[in-house]
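*Asks:* Build the 3D model from these lines:
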Amino acid sequence: MSQTFYDLQKQRRSIYALGKNVQLEKTAIVELIKNTVKEAPSAFNSQTSRVVVLFGEAHEKLWNTTLDILRNVVPADAFANTEQKINGAFKAGFGTVLFFEEQETIKNLQNQFPPYAENFPIWSEQASGIAQYAVWVALAEKGIGASIQHYNPLIDEVVAQQWGIPSSWKLRAQMPFGSIEAAAGQKEYLNDEERFKVFGA
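*Replies:* The predicted model follows:
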């Protein structure tokens, strides 16, 4: 029986025990990510989301670099936990998706539609969140675990230098992914009364 969207939503979890035992070919993963981001909505169909996919040495280089940067930021007595997290939950995975938002497009839209100028950066963040979530669910459908991380802006400059990222691309999130080596823990939910209101039903 095919999975419903709700089934896939429940299947999508933050997976911190990642491995490299992914059966899907790299080319298929890239196509999955490309197609998913293409179909993700954005305000004014601005299509501001940009994506870089890292595999192999590039993936490991990202997390080694992140760890080097954090070494100068995290207190020495807490660094062991940080190192364990980076190596075990992120670097141990099969790859990483980097999500960016294209700032020049946002500026052009602000100039073109002045009444909405202050909203375009907000809508860009919304578009990025939608793209991230869509890719996360798409990976979950293939049995691939992932999580969302935010080491920006600490790593922005190094990432841009290492992979020739255009200056107008602003890093918004990192998504390490891989085989699910251990399931996520039980998820707790707020009471519906705290989150939802319905009128006129």
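
*Asks:* does L62 sit in a helix, a strand or a coil?
*Replies:* Following DSSP: H, G, I helix; E, B strand; the rest coil, L62 is assigned to helix.

*Asks:* Isn't G19 up against S179?
*Replies:* Yes - judged on C-beta atoms under 8 Å, G19 makes contact with S179 at a distance of 4.1 Å. C-betas here are computed from N, CA, C, even on glycine.

*Asks:* and the spatially most central residue of the chain, what is it in contact with?
*Replies:* In the chain, the centroid-proximal residue (C-alpha atoms, centre = their mean) is M175; its distance is 3.9 Å. Going by C-beta atoms under 8 Å, 6 or more residues apart in numbering, M175 touches T96, V97, L98, F99, Q132, V135, W136, A146, S147, I148, Q149.

*Asks:* go again using 7 Å as the cut-off
*Replies:* T96, V97, F99, Q132, V135, W136, A146, I148 (C-beta atoms under 7 Å, 6 or more residues apart in numbering).

*Asks:* returning to that earlier point: more crowded one of G19 and S179?
*Replies:* Neighbours per residue (other C-beta atoms under 10 Å) separate G19 from S179, with S179 holding more: 18 against 15.

*Asks:* average pLDDT across the helix or strand hosting I69?
*Replies:* Per DSSP states H and E, I69 falls inside helix 56-71. Regarding helix 56-71, the rounded mean pLDDT is 97.

*Asks:* List the buried residues of it.
*Replies:* Under the neighbour-count criterion of 16 or more other C-beta atoms under 10 Å, helix 56-71 has H59, E60, K61, L62, W63, T65, T66, L67, L70 buried.

*Asks:* for this structure, what spans make up the helices?
*Replies:* For the chain, applying DSSP state H gives helices covering 5-11, 26-39, 56-71, 79-85, 103-112, 120-141, 156-163, 192-195.

*Asks:* looking at those helices, which is closest to A92?
*Replies:* With C-beta to C-beta as the measure, helix 56-71 is the member of the helices of the chain nearest A92 (8.9 Å).

*Asks:* Residues contacting the closest one, please?
*Replies:* Residues outside helix 56-71 that contact it (C-beta under 7 Å, 6+ apart) are 54, 79, 82-83, 86, 90-91, 95-96, 151, 154-155, 158, 162.

*Asks:* Ok, stretch 92-106 next?
*Replies:* Here stretch 92-106 has contacts from 18-20, 22, 33, 46, 48-55, 59, 62, 120-121, 124, 128, 131-132, 135, 159, 168-179, using C-beta under 7 Å, 6+ apart.
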